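Student: Fold the following.
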Amino acid sequence: MDKAELRRTVIARRDALDLDMRAAKSAAVCARLVELLGSSDPAAPRTVAVYAAIGSEIDPAAFAAAAAKHGWRVAYPCMLSAADTVACGQRMCMRAISADDASAAPFIAHPTRAFAATDVDSDHFPIVPAEALDMIIVPLVAFDRAGARLGYGGGCYDRYLPTLSPACQIIGIAFDEQRVDHVPTDAHDLPLPHIISA
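Tutor: Numbering: from 1, shown residues only. Predicted structure coming up:
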C-alpha cells in the first residue's frame with residue numbers, strides 16, 4: 001500500500017471512531033503525557049509544543065491545559081506564508097500562547113491556514129526557536145511498531161523535527177486504531193522515538 005492509499009485508509013478508520021470513544025482515548029493519552037511533566041521554574045520555564053486537533057485527530061487540549069498549570073510555556077504550530085517559508089526554509093514555526101490568549105490566536109482557530117509574519121501579533125504570540133523546545137507533541141496519521149510515522153504529506157514535521165535540540169522529547173500521539181503493520185518511508189522520514197496511543 002502506498003502512502004496516499006494508507007493515509008486514506010487510516011483516516012477513514014479514525015473517522016469511524018465513535019465521538020465518545022475518541023474523547024475517552026484522548027483523555028487517556030493526555031493523562032499519560034501529564035505524567036511526563038515536572039514542575040517548571042518560573043525564572044526559566046520549560047516549553048512544550050502541542051497542536052490544535054483537526055477533524056478526528058486525537059486531541060491534546062487537556063494536556064496543554066495541564067502543562068500550563070504545571071508552569072510550562074505552551075506553543076502551537078503556525079503555518080508560514082510562501083515568502084516566509086522560502087526565507088526560513090520551514091513551513092511552520094511554533095508560537096507561544098498564554099492561557100487567556102488561546103481563543104485569540106488565529107493559528108489555533110485555523111491550524112492549516114498560512115500566515116505572513118505580519119498577520120500575527122508577535123508580542124502576544126512570540127515565535128519559540130526550535131532549539132528552545134523541551135518537548136513536542138506530534139500529530140500523525142499512521143504509525144508502526146518501529147516508530148515510523150505517516151503524516152499528512154506536507155512535510156512540515158519532517159523538516160521541523162531535525163532542527164530541535166537533541167534534549168527535546170519528541171512524542172507522537174495517536175489512537176491504537178492508527179497503528180499499521182508497516183509505514184512506507186523515504187530517506188527524509190525520521191522515526192519517532194516515542195509514540196503514546198490508546
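
Student: Doesn't residue 26 lie inside a helix?
Tutor: Yes - according to DSSP: H, G, I helix; E, B strand; the rest coil, the state of residue 26 is that of a helix.

Student: Need the pLDDT of it.
Tutor: Each residue has a pLDDT score; the one for residue 26 is 98.

Student: Report the separation between it and residue 180.
Tutor: Plainly put, residue 26 is 20 Å away from residue 180 if you go by CB to CB, to the nearest Å. Every C-beta, even on glycine, is put in place using the N, C-alpha and C of the backbone.

Student: hey, where'd the strands end up in this structure?
Tutor: Counting by DSSP state E, residue ranges of the strands within the chain are 47-49, 73-80, 92-97, 114-115, 127-128, 135-138, 142-143, 149-150, 169-174, 194-197.

Student: Need the residues that contact the last one.
Tutor: When you say that, I think you mean strand 194-197. Counting contacts by CB atoms under 8 Å, 6 or more residues apart in numbering, the residues outside strand 194-197 that touch it are 29, 32-33, 140, 143, 147, 149, 169-176, 178-179.

Student: buried subset of these?
Tutor: 29, 33, 140, 143, 149, 170, 171, 172, 173, 174, 175, 178 (16 or more other CB atoms under 10 Å).

Student: for the record, mean pLDDT for stretch 51-64?
Tutor: The average of the pLDDT scores along stretch 51-64 is 96.

Student: And for stretch 142-157?
Tutor: Per-region confidence: stretch 142-157 scores 91 on mean pLDDT.

Student: tell me how far the ends of it are from each other?
Tutor: The straight-line separation of the ends of stretch 142-157 (CA to CA, to the nearest Å) is 14 Å.

Student: now stretch 119-129
Tutor: Using CA to CA, one end of stretch 119-129 lies 19 Å from the other.

Student: in the chain, which residue is closest to the centre?
Tutor: Nearest to the geometric centre of the chain sits residue 138, at 3.4 Å (CA atoms, centre = their mean).
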